[in-house]
Structures are given as structure tokens and as C-alpha cells.
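Enquirer: how would this look folded up:
(chains A, B, C, D, E and F)
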There are 6 protein chains.
Amino acid sequence: MSKIAVYRKEHFNAAHRLHNPELSVEENARLYGKCNSPNYHGHNYELTVCVKGEVDTKTGYVIDTKEISRLVREEVVERFDHRNLNLDTKEFKNLNPTAENIAIVIYDLLRPKIDPKHDLKITLYETERNFVEYPA
Amino acid sequence: MSKIAVYRKEHFNAAHRLHNPELSVEENARLYGKCNSPNYHGHNYELTVCVKGEVDTKTGYVIDTKEISRLVREEVVERFDHRNLNLDTKEFKNLNPTAENIAIVIYDLLRPKIDPKHDLKITLYETERNFVEYPA
Amino acid sequence: MSKIAVYRKEHFNAAHRLHNPELSVEENARLYGKCNSPNYHGHNYELTVCVKGEVDTKTGYVIDTKEISRLVREEVVERFDHRNLNLDTKEFKNLNPTAENIAIVIYDLLRPKIDPKHDLKITLYETERNFVEYPA
Amino acid sequence: MSKIAVYRKEHFNAAHRLHNPELSVEENARLYGKCNSPNYHGHNYELTVCVKGEVDTKTGYVIDTKEISRLVREEVVERFDHRNLNLDTKEFKNLNPTAENIAIVIYDLLRPKIDPKHDLKITLYETERNFVEYPA
Amino acid sequence: MSKIAVYRKEHFNAAHRLHNPELSVEENARLYGKCNSPNYHGHNYELTVCVKGEVDTKTGYVIDTKEISRLVREEVVERFDHRNLNLDTKEFKNLNPTAENIAIVIYDLLRPKIDPKHDLKITLYETERNFVEYPA
Amino acid sequence: MSKIAVYRKEHFNAAHRLHNPELSVEENARLYGKCNSPNYHGHNYELTVCVKGEVDTKTGYVIDTKEISRLVREEVVERFDHRNLNLDTKEFKNLNPTAENIAIVIYDLLRPKIDPKHDLKITLYETERNFVEYPA
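Expert: Numbers count the residues shown, from 1 in each chain, chains lettered A, B, ... in the order given. Take a look at the predicted model:
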């Protein structure tokens, strides 16, 4: 039987700054431009969580989207919503909060909570025009 | 030559209720929550049909999107639009109309109408924040 | 000082049927077409509530959008979400649940809960392409 | 001859914190909830500028949308994009950066740059579900 | 009784070029930039038609959105969809097809078809970021 | 380490006509319908470019989205925006500008500019309801 993918969208708002402390001020400015602005800027992050597996014939679900929603709220929204990613979270104390790294961190937070027989994929919109997908 | 995927979006509005008659009232309530409400609720279903194949050098098309649109109207919209999925359709008389099951039914309705050399994929939005993709 | 308008979007999913019991079967069919389908169909209703007034210099708000959200959940979402508007609600027992009438009912539910010094306006999307605004 | 309204959408990303220094810690927390988080959070602000007037028969325009775009970039985006509104801008040094106040500040920045015979209106989305319009 | 506004969205795709034959080549280039490109460019025009009036107690409608849709298809889509506005339509033979002028032409085509007791308003999106509203 | 996909959306507006000069007038009309209209029509093309690879631990990026944006502007937008694809571009002088063919041309323009270790994928929306993805 073919697998089916189930998607749930959630969102959170956060401040961040792109900065690599091992690089010079000039290289940070060159690499990150406005995203290196010292006092932070922020985004409305739109997060889509995809869980892939077979349909359970009893429930007609792969997984209940309300269950995905609950997990995302507990593991992601509680942690990052209305926070400064660089200052307020242990995950980005020593990790540059690029969209790529945020998506990987979210994947690593959710993966242990999802049944191992299911595949997991994260899509994270930083803006309407910039987004990432992990794993690709 | 690489394949290319062509997508066409259509929509239909329907009422449904999630319910498994083999389970108790309590277990149905626990499993489906508000979606088990006895007198039905409903959705604007947004359906995207993806047909994948090689470009025909004569037409410049994999398949004309107007042809996908015609097929979806004949096979899906005529059947489900402005209907009660549980009461008015033979497809869901004995099948729980979860988003997963609706997507699989739509795939099975369209698959025989699409050239076997082409791949077919269905994406079905039940709400803006809940959707499924089949096969994944 | 000029007034400012504050908007909050919420949503609910419901089943309904358009039908006027004072008209013949034929006239109902002619008037409402597929929307008269006897076993109901449904929609994802997107609701925007607009409250207009002067900015409170202490809070910097006209009204906190979280307060609008709470009111809409208590007065509208609790009442209509995952319900059959015709069968499950007293508001539409004897009132045809057209988008126009649903918007007016929502206005009448919210108006007593909003400070009289503020104007109130309701926008209700029945589908992405059909919506109403009250009062206009 | 009737007037016509011309709209141009732009956007900027910024960090902010809602806080009134004249209120106690407890009252700020009660009033603003998560938006009072000390190290800031952020948003993708979507800004729509509306200019209303009569059509110029020579150009067929009320105002060229490229001209609105240029003004918004010079007066608004240069000033607020990728900034911390509380720390990096003189406009919000002593003004709480609620959506209401940001919209009024943007109006006051653009009004002198728009021909006085034209009306000006600002719509500012803080999130997809919260937005304001000034003047209303 | 307060009025209510009913909206219906439709769309059409067309080619056009902005050009005023009474102006020099240089002034046309300066005024319209890329929009003056001699061999035309094009847009997906998204059109929203708003009809405002009182609710008919018999039908629960101000006007059936299917009736607005039929009118727009007959008067607007048949005329402009998949056409070159400058070359293929009599309306823009001698009128510069700016968004402003297209909206006014559409208003003038629909106004005689709508009950005089109802108000009519046109919103026309030329792109996602540029749109006009008439009358404002 | 798993790969991650980075997406950047851009857009351009263009006129085009679907026509195969090796076919009769009747067959072109039958195949392409309104899209064969002789004086061209047009679209707002929404283009998403996806670059897939491993995250660079120095930058936290697979590729800077500003770099994708710059490439798309130089190679695609400069070439096609506000142009007539059939008349103004060498790419479609002898190639039918279907969505499929435009996507393949854009892929071929961008592929040499993207690091060979990265995968490239193009999504092109011709309208909100018709789009293609290459390679699929």
C-alpha cells in the first residue's frame, strides 16, 4: 500500500540576528547584510510539519492533525514564540539561527515524538518569499 | 530527458462526519472530537492534481491543464460538490471520509482516466492548515 | 484625532443548506441550485472582525486583538464550529443561513460585547471567491 | 468624476517589544502578555499604501505605483526594515510600537510626500490574522 | 436596516501596453518604463465585484453571487480574457489600459446590468502588489 | 548529513501566445483554445527556485537567498519581465512558450550559475491554478 503524507501548519513570531562570532565584523556584515543588524529583527515564521506513513484502517488517519498540532505547540511554539532566538533559547545560544538551522532544530525536537515508522519533514517560511525544507 | 510535473487546482464544498461504526460512541468522540458531531459539518476542499511525465514536443504540454480540469469536474466535482459525503455518495457509504481517505478515493477515480505512462499525485486541503498528499 | 480600525481573523467549519420553507420545492431548487441539496454541504468560514475607534494612549491599542479573539471564540466559534447551522443552532432554526444572514447574526452576537464607543464590522468568507461585509 | 483608490503593497521585517514604562512590571505583563517579552520578538510587516484621487487623463494614473513604492522604500523600509523598532529608531524611542502606532507613524511619514489633493490610507498587517487600517 | 456588501471574485488574463500616442517616445518611456514595452506584456487580472444593498427577506440574498458571476463572465471575461487589450478590444482602442482605466471600463460595463437600487464597486488586482478600487 | 532545500520566490509579467507553426490553423485552435489568440495574452508568472544541498557550517546557509534572487533577476527577470516571450526573446523564437517549456528554459539558464554540487528545481505558476515543476 502506498504511503500518504499529512501536513499541519502552525506559526510563531520571533526575533533573531544572523552572526558568526568566529568571523570578523566585516565578514559578518558582508555575509549577512541587514540580517546582521546588531539589535535583532524578526519574522512571522510559518511552519509546516509533514508526517508520512500508511493509513490506519481503524481511524482513517496516518496521524491526527490535532496530535501534530499539540506536539508542535509543546515542542516548538512554547519554546520559540515571542522569543529572541539568540538570547532566549538554549538551542541557538551557539548556533546561528538561519532558516536552515531553525528547520533542523525543529526536526530534531519533533523526531523523537513521532512514531519511528513515520517519516517527518519540516517546511519553514521565514518570509513569504524565503523558505526551506528539511530533509529535502 | 527529465520529467516535468503539471499541477491543476480545483475545489468543491462538502459536508462530512468522521465516524467509525465499529467503535463505541465514547471512542468515536475521543478519536474524532468535534469532527464526530452527529449532524455533520463541512469544508471548502481545495484539490490539486499533479500529472508527471515528459513534454510532448508537438504540443509543448505534458498534459493540457484544461484536460485535467475537465476530468476533475467529471469525476470528482460532479460527484462530491455540494454533497454530504457520508449520505449522498456511494464511495463513503462504508468508508470514513477523513482527508486521507478522500484523497485516496480521488486518486482511484482519476488514475484510470490518466495515461498510464504518467504519474499521478493528489493534494487535498481540508482547511488552510490541514492537508494530505497521495501517494507521498 | 482620526479613528483607526483593528482587524482580527478567525475561522470555523460548518454544514448548512439554503432553503426557504415558504417556497415550493421547485422555487427552492431554482433559487439556490446546488446550495439547496437536501443533506447539506459545508464550508470553511473565514471571519474577520473589525473594531474601529481611537487609540488608547495608555495601551497603544484601540482594542487588544487577543480580546477580539476571545470574544469570537466564546460567542461565534463555540456556537457554530463543526456544527450543522440548520439543525444544531437556534439562530438558524428559522433563518436561512446565507452568508448575508450569518454575517448579520454574528454582528448581533458581538455588538453587545464591544464597547459602544467603538464601531463594529464583520467580513465573512464563505469561499475564497464569495464573501460579504456587514454593515457595508 | 468619482475618485479611484490605488494600492501598493510593500513589506519589512522588524523586532519589537510592547511595553509602557509608566506601568508596573505586572501591569505590562497583564496588558501585553507574550508581546512584553523583554528581549523582543519580531514580525514580517506587510504594508499597503492607498492613495485616492482622480485619474490624470494624460497618464491614466492617479499616481504611479512605482512612485508609491519608491516613497515607501525611502521613508519606511530604509528606516524600519531589519531594525529593532524600540532600540534602533527615533520614532519608537518613546512610543509603544503597537500595530496602531506603527501605522500612524507611517502615515505621518508619508503624508507630506503625497500630493495634498490625494487622500492617504495605511493598512499594516502584523501577522496574517492581525492588522490595522488608518485612518479608518 | 443597514446595507450589506456582497463580493464575488473572478479573473482574466490579458496582454496590454501602456502608451499615450499624444506624447513623445521619450515621455512615454519616462512615464511608463517597462510597461511601455512595444510588443506588450501581460497580467493575471483578479477582479472583485462588490454589490451593496439590503437583504431580500425572501431569498436571504442581496444578490446571488452566481448572478454576479454570470454577469462578469458575459460582460467582462468574454470581452477581455486571453485578449490583447490594446489591439483586440474596442474599449481600449483609444484609451490607455492602466489598471485605473480598466476598472472604470468594467464598472461602466456592469453598472447598467445591476439593479439601480444597489451600489457597485470594482477592485482590480493587476499584480499581487498593485491594485485599484473604483469608486473609492 | 541530510540535505536541505532552500526556496526563493520571484516574479515577472509577460505576454505570450501558444502556437505551433507546423500545425494547421484549425489544429492550433483545437489544441490551445483561447491561448492561441493571435495578438497574445499575458500572465503574472510566479517563479520559485529551489536549491538543495548541505548546510555550510560557516554560514549556516546552503546558499544565501539573496544570491538566488540576484541570479534570477540577472538571468530571468531582465530577460523576460514585461516582454512578449514570442517576439522579444531569442529563447522562444522557435519554442512554444508553454509553462512547461518556460520552466525548462529557466532551469537551463540557471543551472550553469549554481554550484554543481547543488540540485536545482524550478516551480512556475502561470496562474494561481496552473503550475509546473521541473525536474519532477
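
Enquirer: go through the strand or helix carrying A:Ala103 and flag the buried ones.
Expert: If you go by DSSP states H and E, A:Ala103 is part of helix A:99-110. If you call a residue buried by 16 or more other CB atoms under 10 Å in any protein chain shown, then helix A:99-110 has these buried ones: A:99-107, A:109-110. C-betas here are computed from N, CA, C, even on glycine.

Enquirer: on the pLDDT front, check A:Lys3 for me.
Expert: For A:Lys3, the pLDDT comes out at 98.

Enquirer: got the contact list for it?
Expert: By CB atoms under 8 Å, 6 or more residues apart in numbering or on different chains, the contact list for A:Lys3 reads A:52-54, A:119, B:135-136.

Enquirer: now stretch A:19-29, how far from the centre of its chain.
Expert: 24 Å (CA atoms, centre = their mean, to the nearest Å).

Enquirer: that stretch close to chain F?
Expert: Yes: counting by CB under 8 Å from any CB of the partner chain, chain F is contacted by stretch A:19-29 at A:20, A:22-23.

Enquirer: and which of those is nearest to D:Thr127?
Expert: Closest approach to D:Thr127 among these (CB to CB): A:Asn20, at 29.6 Å.

Enquirer: the nearest residue to that closest one once chain neighbours are set aside: how many residues sit nearby?
Expert: Spatial nearest neighbour of A:Asn20, chain neighbours left out: A:Asn96 (5.8 Å); criterion: CB to CB, 6 or more residues apart in numbering or on different chains. Using other CB atoms under 10 Å in any protein chain shown, the number of residues around A:Asn96 comes to 24.

Enquirer: contacting residues for the residue positioned nearest the centre of chain A?
Expert: Centroid-nearest residue in chain A: A:Ala103, 3.6 Å away (criterion: CA atoms, centre = their mean). Applying CB under 8 Å, 6+ apart to A:Ala103 gives the contacts A:122-124, A:132-134, F:4.

Enquirer: and what of A:Ile122?
Expert: Taking CB under 8 Å, 6+ apart, one finds A:47-50, A:103-104, A:106-107, A:110, A:133-134 in contact with A:Ile122.

Enquirer: one more pass at 6 Å, please.
Expert: For A:Ile122, the contacting residues are A:103, A:106-107, A:134, by CB atoms under 6 Å, 6 or more residues apart in numbering or on different chains.

Enquirer: just A:Tyr32 next, same as before
Expert: Neighbours of A:Tyr32 in contact, by CB under 6 Å, 6+ apart: A:Leu18.

Enquirer: ok, now with 8 Å
Expert: A:18-19.

Enquirer: please enumerate the helices of chain A.
Expert: Taking DSSP state H, the helices of chain A run over residues A:25-32, A:65-72, A:78-80, A:85-88, A:99-110.

Enquirer: please export the C-alpha coordinates of the longest one as PDB.
Expert: The C-alpha coordinates for helix A:99-110 follow below in PDB (Å, rounded to 0.1, in the frame of the first residue of the first chain):
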ATOM      1  CA  ALA A  99      16.200  29.300   8.400                       C
ATOM      2  CA  GLU A 100      18.200  26.200   7.600                       C
ATOM      3  CA  ASN A 101      19.400  25.800  11.200                       C
ATOM      4  CA  ILE A 102      15.900  26.600  12.700                       C
ATOM      5  CA  ALA A 103      14.300  23.900  10.500                       C
ATOM      6  CA  ILE A 104      16.900  21.300  11.500                       C
ATOM      7  CA  VAL A 105      16.500  22.100  15.200                       C
ATOM      8  CA  ILE A 106      12.700  21.800  14.900                       C
ATOM      9  CA  TYR A 107      13.200  18.500  13.100                       C
ATOM     10  CA  ASP A 108      15.400  17.200  15.900                       C
ATOM     11  CA  LEU A 109      12.900  18.400  18.600                       C
ATOM     12  CA  LEU A 110       9.900  16.600  16.900                       C
END
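
Enquirer: what angle do that helix and helix A:65-72 make?
Expert: Per axes from the mean of the first three to the mean of the last three CA atoms, to 10 degrees, the angle that helix A:99-110 makes with helix A:65-72 is 110 degrees.

Enquirer: returning to what we had before: redo the residues of stretch A:19-29 next to chain F as JSON lines? Include pLDDT and neighbour count.
Expert: Converted to JSON lines, the residues of stretch A:19-29 next to chain F look like this (pLDDT from 0 to 100; neighbours: other CB atoms under 10 Å in any protein chain shown):
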{"residue": "A:Asn20", "pLDDT": "97", "neighbour count": "16"}
{"residue": "A:Glu22", "pLDDT": "96", "neighbour count": "7"}
{"residue": "A:Leu23", "pLDDT": "97", "neighbour count": "16"}
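
Enquirer: ok, those vs C:His43, which is closest?
Expert: Looking across these and measuring by CB to CB, the closest to C:His43 is A:Asn20, at 49.0 Å.

Enquirer: ok so, going back, closest to D:Phe80 out of the helices of chain A?
Expert: Closest among these, using CB to CB: helix A:25-32, at 18.2 Å.

Enquirer: just how off-centre is that closest one within its chain?
Expert: 25 Å.

Enquirer: next: stretch A:66-77.
Expert: Distance, stretch centre to chain centre, for stretch A:66-77: 12 Å (CA atoms, centre = their mean).

Enquirer: likewise for stretch A:4-14?
Expert: 9 Å.

Enquirer: same question, stretch A:103-114
Expert: Using CA atoms, centre = their mean, the offset of stretch A:103-114 from its chain centre is 8 Å.

Enquirer: now do stretch A:84-93
Expert: With CA atoms, centre = their mean, you get 14 Å for stretch A:84-93.

Enquirer: could you export it as PDB, CA atoms only?
Expert: C-alpha atoms of stretch A:84-93 as PDB (Å, rounded to 0.1, in the frame of the first residue of the first chain):
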ATOM      1  CA  ASN A  84      14.600  36.300  20.800                       C
ATOM      2  CA  LEU A  85      16.100  33.100  19.300                       C
ATOM      3  CA  ASN A  86      19.700  34.300  20.000                       C
ATOM      4  CA  LEU A  87      19.200  35.400  23.600                       C
ATOM      5  CA  ASP A  88      16.200  33.400  25.000                       C
ATOM      6  CA  THR A  89      16.800  29.900  23.700                       C
ATOM      7  CA  LYS A  90      19.400  27.300  24.600                       C
ATOM      8  CA  GLU A  91      19.200  25.900  21.000                       C
ATOM      9  CA  PHE A  92      20.600  29.000  19.400                       C
ATOM     10  CA  LYS A  93      23.000  30.100  22.100                       C
END
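
Enquirer: number of nearby residues for A:Arg111?
Expert: Using other CB under 10 Å, A:Arg111 is surrounded by 12 other residues.

Enquirer: what sits against it?
Expert: Contacts of A:Arg111 (CB under 8 Å, 6+ apart): A:Leu120.

Enquirer: correct me, but A:Phe131 touches A:Glu100?
Expert: No: applying CB atoms under 8 Å, one finds A:Phe131 not in contact with A:Glu100, separated by 10.5 Å.

Enquirer: now for these two: what residues contact both?
Expert: What both A:Phe131 and A:Glu100 touch, as defined by CB under 8 Å, 6+ apart, is the set F:Val6.
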